[in-house]
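**Student:** Okay, predicted coordinates and the sequence, questions at the end:
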Amino acid sequence: MAPPPTPPPPPRGFFEWRAAVAAATSAGSAAASSSSALSLAPPLSTTINYADTISGVTPLIPITLDLPKHNYYHWRHLFEVHLGRCNILDHIAVASVPRPSDPRWVKDDLAVIQWIYQRVSTEIFNLVFRHATNAAALWAALRQLFQDNVDARINTLHTELHNTVQGDS
């Protein structure tokens, strides 16, 4: 059995954001509780959005994107509906601007990346995971993989149609 594929790198700016949060946390907790030996990081925002409640999207997106199945448009439509329902459709928009300094945005973006990986074949994962600096970049890589193939697919279908032999039955 082949080893599992290498996970994608975190989004750009993730480590800088994490270091800034750690620095702010340690500076704030040192000033706030000089007598306490244990300092806890301040909690993230207590608001929970719909995307936080979904760990797996298989029941919501039952199609696994696969090259031989030619199911990109169905898969894309189901994903866009799901992301719209979660109010995070902007994470895959062409004009999406990454916000690595916003913890909520980073969390949602990583959730979108995780959901996409759950619903693509291993072959597609291996073709696009290097482009996953954020959800919009991963979405663009998938779009390019399937939509740049349209002309070649049209030519193949035309050739097949032209070479089809009709019978006299």
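**Tutor:** Yes, it's here.
**Student:** Could you give me the buried positions within stretch 91-110?
**Tutor:** Within stretch 91-110, the residues that qualify as buried are 91-92, 96, 98-100, 105-106, 108-110, counting by 16 or more other C-beta atoms under 10 Å. Placement of C-beta: from N, CA and C, glycine included.
**Student:** Can you tell me which of the residues you listed comes closest to Q166?
**Tutor:** Lowest distance from Q166 to the buried residues of stretch 91-110 (C-beta to C-beta) belongs to I92, with 44.5 Å.
**Student:** pLDDT score for the closest residue to the closest one other than its chain neighbours?
**Tutor:** Distances taken as C-beta to C-beta, 6 or more residues apart in numbering place W139 nearest to I92, at 4.0 Å, with adjacent residues excluded. At W139, the model reports a pLDDT of 94.
**Student:** Surely W139 touches I116?
**Tutor:** Yes. Under the criterion of C-beta atoms under 8 Å, W139 makes contact with I116 at 7.5 Å.
**Student:** which residues of the chain score low on pLDDT?
**Tutor:** Residue ranges of the chain with pLDDT under 70: 1, 6-7, 25-49, 149-153, 168-169.
**Student:** swap the cut-off to 90 and go again
**Tutor:** Low-confidence segments of the chain (pLDDT under 90): 1-60, 67-68, 70, 85-87, 94-98, 100, 129-133, 145-169.
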